[in-house]
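>>> please find the sequence and the predicted model below.
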Amino acid sequence: MYELFVLGELMTGDKHGYRLQESLKHAVGPIRQISSGTLYPLISRLVKRGWIRPRPEGPQQGGRLRKMYEVTEAGRERFQELMREPLEYNMETELIFLFKMAYFQHVTKDVRIACLEQYREYLRYNLEYVKSESEVISQKEIPENKRIQLLRMFDYRKHVGLTAVQWVTEEIERIRAAEE
């Protein structure tokens, strides 16, 4: 997941590791953060695989050389591969979708539409779960106050899901209608 982010960020231009970390903080929001202990080993792996390369810059305070990272041709190919990969249904699906969407400008119209369609199917899958779970809960012998609150929670999830499906559907239509 973070591999996609780093390659996507470097597709938009060369960056220092610190700038990558700052961009990622903004992308994932205030709750979920990535540590230097996660990011820099990832950067090292991407360099070893030949997907990015460091370019030394002038020294920063303390005399250490700063490294600017750039994506290689192999890294561009890997990025395209990651963007074409189908979305898996797990705890990271929404974040991966958001990362992909942030880099839509670097892929074809067909890849953008495929990603949006996959995400819409994921949203519909979740809506089916919410619907079936609501039916089960409404028939279970659960204390009334707890059952009511669970049903309210599922009602909220249903409304959020329906709104998301509508937005994604409109986005697919907008992209289809747009000229490349």
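Alright, I've got the coordinates.

>>> domains in the chain, by residue range?
Residue ranges for the domains of the chain, per automatic domain parsing: 2-86, 108-177.

>>> could you work out which of these reaches nearest to F99?
Among those, domain 2-86 comes nearest to F99, with 5.2 Å by CB to CB. Every C-beta, even on glycine, is put in place using the N, C-alpha and C of the backbone.

>>> just the terminal-to-terminal distance for that closest one.
Start to finish, the residues bounding domain 2-86 are 16 Å apart (CA to CA, to the nearest Å).

>>> what does stretch 83-100 give?
Termini of stretch 83-100 sit 6 Å apart (CA to CA).

>>> what does it rub up against?
Residues from elsewhere that reach stretch 83-100 (CB atoms under 8 Å, 6 or more residues apart in numbering): 1, 4-5, 8, 27-28, 32, 103, 106-107, 111, 114-115, 118-119, 122, 125.

>>> which parts of that stretch are buried?
M83, L87, T93, L95, I96, F97, F99, K100 (16 or more other CB atoms under 10 Å).

>>> save those residues as TSV, and put in secondary structure, pLDDT and distance to E144 too.
Listed next are these as TSV, based on DSSP: H, G, I helix; E, B strand; the rest coil; pLDDT from 0 to 100; distance: CB to CB, whole Å:
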residue	secondary structure	pLDDT	distance to E144
M83	helix	97	48
L87	coil	94	38
T93	helix	94	34
L95	helix	90	36
I96	helix	93	39
F97	helix	95	37
F99	helix	92	42
K100	helix	95	43
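
>>> just these now: which is nearest K131?
Nearest to K131 among these, with distances taken as CB to CB, is T93, at 18.9 Å.

>>> ok, the closest one to L82 distance?
Going from T93 to L82 by CB to CB, to the nearest Å gives 14 Å.

>>> quick revisit: pick out the shakiest of the domains of the chain, pLDDT-wise.
Mean pLDDT is lowest for domain 2-86 out of these, coming in at a mean of 87.

>>> so which residues of the protein form helices?
Remark: helices assigned in the chain by DSSP state H are 2-11, 17-28, 36-48, 73-84, 93-102, 109-139, 144-177.

>>> can you state the direction angle for the first one and helix 93-102?
Pointing back at helix 2-11 there. Computed by axes from the mean of the first three to the mean of the last three CA atoms, to 10 degrees, the angle separating helix 2-11 from helix 93-102 equals 20 degrees.

>>> having no further points to raise, I will conclude here.
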